[in-house]
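> When you get a sec, could you give me coordinates for this:
(one chain, ligands or ions: 1)
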Amino acid sequence: MIYRYIAAMLLASLTVVPAVAQKKGKAPQQREVKVQKTSLSKEQETQLGKEAAAEVERTMEVVSNPQAEAWLNKIGQRLAATPQANAYPYYFKLVNEDSINAFALPGGPMFVHTGLIKAAESEDQVAGVLAHEMSHVALRHGANQMSKAQTWQTIMGVVGAAAGMVGGGQCGLMCQAIQMGGGLAENSVLMKFSRDHERDADLNGARMMAAAGYDPAALAKFFQKLEGQQGAAAQPKGLQAWLSSHPSPGNRVQYIQDDMTFYARREYTASSGSSFPQVQKTVAALPPAKPKPATMLQPVQAQARTNLPQGFKDLQTKGFAIGYPGAWQAGQPQGGGGIFVVPQGGAAQQQNGGVELITGVMIDYSKPKSTDLSAATSEILQSLKQGDQNMKLESTKPVQLGGKPAMLTRLTTKTSNQQDPQQTVLFYTSMQGELLFTMAAAAPPSQWSQAEPVLTQITSTVQFK
Ligand SMILES: [Zn+2]
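Numbers count the residues shown, from 1 in each chain. Below you'll find the predicted structure:
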């Protein structure tokens with residue numbers, strides 16, 4: 001198990017730097033912050049962050065607005081240039097998502113939700129969140145978190161199985177980090193920092209702000225304001241998740257003020273003044289993000305449905321729910337793509353790194369040119385046929401899937417399975433908003449009589465969100 005091995009290495013190499021002792025009778029000393037030592041090299045960290053950022057961009061809508069982007073980057077790069085930023089290659093993107101959140105991935109990619117811009121009162125407060133998040137990177141808290149195998153296993157509940165089901169390999173380091181990144185965007189459970197990490201990120205962040213010319217007190221004030229709104233009727237969306245991933249280490253305002261007494265600089269004039277209200281207006285005028293195909297495939301934690309056939313497990317994603325036999329596995333291959341629900345040996349790794357369905361079910365989404373089901377179905381069948389010269393379409397008819405109008409196309413093709421290359425596929429299509437849901441239920445004709453009742457049972461459990 002690769003991840004366990006890595007975890008052991010990380011734990012073994014942690015070096016504890018003692019906090020500066022405050023001896024009686026001596027002048028108080030500034031508290032030392034600790035850079036966590038891990039066995040990951042900076043290059044590995046950067047690579048992990050890069051993979052995770054790609055997953056974030058597959059599933060979330062990055063705001064493309066030159067003015068807002070320029071504003072965010074200016075703040076970020078000012079902070080990145082300080083010694084406290086520890087020379088990581090930071091970059092900053094705004095994502096169209098109304099909940100309060102911002103997260104920096106190992107190595108430096110950082111994403112700020114528009115909901116956070118809306119909730120902030122000043123540019124200094126936004127700079128405070130950036131500085132705090134960047135400090136988690138600079139102090140290598142994320143890399144340190146990756147040593148928590150237990151957390152990973154929870155994250156990997158669905159996805160880890162995918163790596164296991166093709167060729168028996170474990171979900172490797174990259175695979176896990178990708179999932180971590182994807183989940184991070186929505187599920188703060190994935191990156192829950194300790195209170196010590198929080199305090200260090202606050203102190204390092206406050207020093208970073210001061211060095212860049214932003215008011216360090218704004219960091220604590222913003223956190224305090226958000227903590228004050230917790231549980232209120234008008235609690236901003238996402239606040240609970242945000243606060244639980246950054247647990248309060250005590251009186252942030254007090255210890256940041258104490259720390260500020262050690263700072264040389266007293267004037268903080270970096271804020272650009274009029275730009276912030278302008279950006280807030282721009283952000284408030286954005287239409288809600290449209291779901292992307294990859295968003296719909298993202299697994300969500302939900303209560304398993306109780307009306308499934310006996311012995312079935314339940315997989316729920318943002319877009320749909322599907323039940324499947326307990327001995328089967330469900331997951332998404334490394335690097336994204338459709339969700340596979342297969343028995344042992346039901347999927348095969350291809351030469352090009354892709355995963356091929358042999359027996360079982362594969363679900364995916366696409367964005368068709370037309371939102372008319374019949375037109376969208378023709379479009380996808382045509383493109384499938386173009387990519388597969390063995391494919392033969394037999395029949396298409398309207399059906400119901402999960403209580404929704406759908407089309408069922410029966411087709412045959414060939415797989416790379418040399419012993420038994422023929423394949424029969426029941427290909428379902430259904431519109432979900434502007435996206436086309438596709439589900440291929442497949443088996444070789446030689447096994448069709450055993451496979452069909454199971455595939456039918458699985459199909460009957462499909463539900464749309
Ligand atoms: Zn934090």
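> Quick one: neighbours of F464, just the number.
Using other C-beta atoms under 10 Å, F464 is surrounded by 16 other residues. In this view, the C-beta of every residue, glycine as well, is placed from N, C-alpha and C.
> Actually, Q29.
By other C-beta under 10 Å, the residues close to Q29 number 12.
> And what about it, helix, strand or coil?
Of the three states, Q29 takes coil under DSSP: H, G, I helix; E, B strand; the rest coil.
> tell me the contacts of the residue of the chain found nearest the ion?
Proximity of the chain to the ion (C-beta to the ion) peaks at H246, 3.5 Å away. With contact set as C-beta atoms under 8 Å, 6 or more residues apart in numbering, H246 has these partners: 132, 193, 198, 201, 223.
> Whichever helix or strand A70 is part of: which residues count as buried?
Using DSSP states H and E, A70 falls within helix 66-80. Within helix 66-80, the residues that count as buried by 16 or more other C-beta atoms under 10 Å are 68-69, 71-73, 75-76, 78-80.
> How about residues contacting that helix?
With C-beta under 8 Å, 6+ apart, helix 66-80 has contacts from 63, 85, 88, 90-94, 108, 110, 112, 123, 126-127, 130-131, 134, 208-209, 212-214, 270, 272, 275-276, 278-279, 282-283.
> tell me which of the contacts of H246 is nearest to K237?
Of all these, K237 sits closest to F223, with 17.4 Å by C-beta to C-beta.
> Return the set of buried residues in the helix or strand that contains Q382.
Using DSSP H and E, Q382 maps to helix 373-387. Across helix 373-387, burial judged by 16+ other C-beta under 10 Å covers 373, 376-381, 384.
> okay, these in TSV with pLDDT and distance to V361 next?
Formatted as TSV, the buried residues of helix 373-387 follow (pLDDT from 0 to 100; distance: C-beta to C-beta, whole Å):
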residue	pLDDT	distance to V361
L373	98	20
A376	97	20
T377	98	18
S378	97	22
E379	96	22
I380	96	17
L381	96	18
L384	93	16
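> right, and the helix or strand after the helix holding A70?
strand 91-95.
> What's the first helix or strand after that following strand?
strand 102-104.
> Now R305: closest residue in space, sequence neighbours ignored.
Closest residue to R305 apart from its sequence neighbours, by C-beta to C-beta, 6 or more residues apart in numbering: D314 at 5.3 Å.
> can you tell me which of the buried residues of helix 373-387 are up against the ion?
Among the buried residues of helix 373-387, not one lies near the ion by C-beta under 5 Å from the ion.
> and the residues you listed, which two are the farthest apart?
Farthest-apart pair in the buried residues of helix 373-387 is L373 and L384; separation 16.2 Å (C-beta to C-beta).
> got the residues of this protein near the ion?
Residues of the chain lying near the ion by C-beta under 5 Å from the ion: 193, 198, 201, 246.
> what helix or strand does the third one sit in?
Secondary structure from DSSP H and E places A201 in helix 195-212.
> now that helix: mean pLDDT?
Averaging pLDDT along helix 195-212 yields 95.
> what's downstream of the lowest-mean-pLDDT helix or strand in the chain, the next helix or strand?
In the chain, no helix or strand scores lower on mean pLDDT, DSSP states H and E than helix 2-13, which sits at a mean of 32. Sequence order places helix 42-59 as the next helix or strand after helix 2-13, per DSSP H and E.
> Output the contacting helices and strands for that next one.
Applying 3 or more C-beta pairs under 8 Å, 6 or more residues apart in numbering; DSSP states H and E, we find helix 42-59 packed against strand 109-113, helix 141-145, helix 173-184, helix 293-296.
> Look up how far H113 lies from A54.
Noted for A54: a distance of 18 Å to H113, by C-beta to C-beta, to the nearest Å.
> Look at these two and report which has more neighbours.
A direct count of neighbours by other C-beta under 10 Å for A54 and H113 places H113 higher, at 25 against 16.
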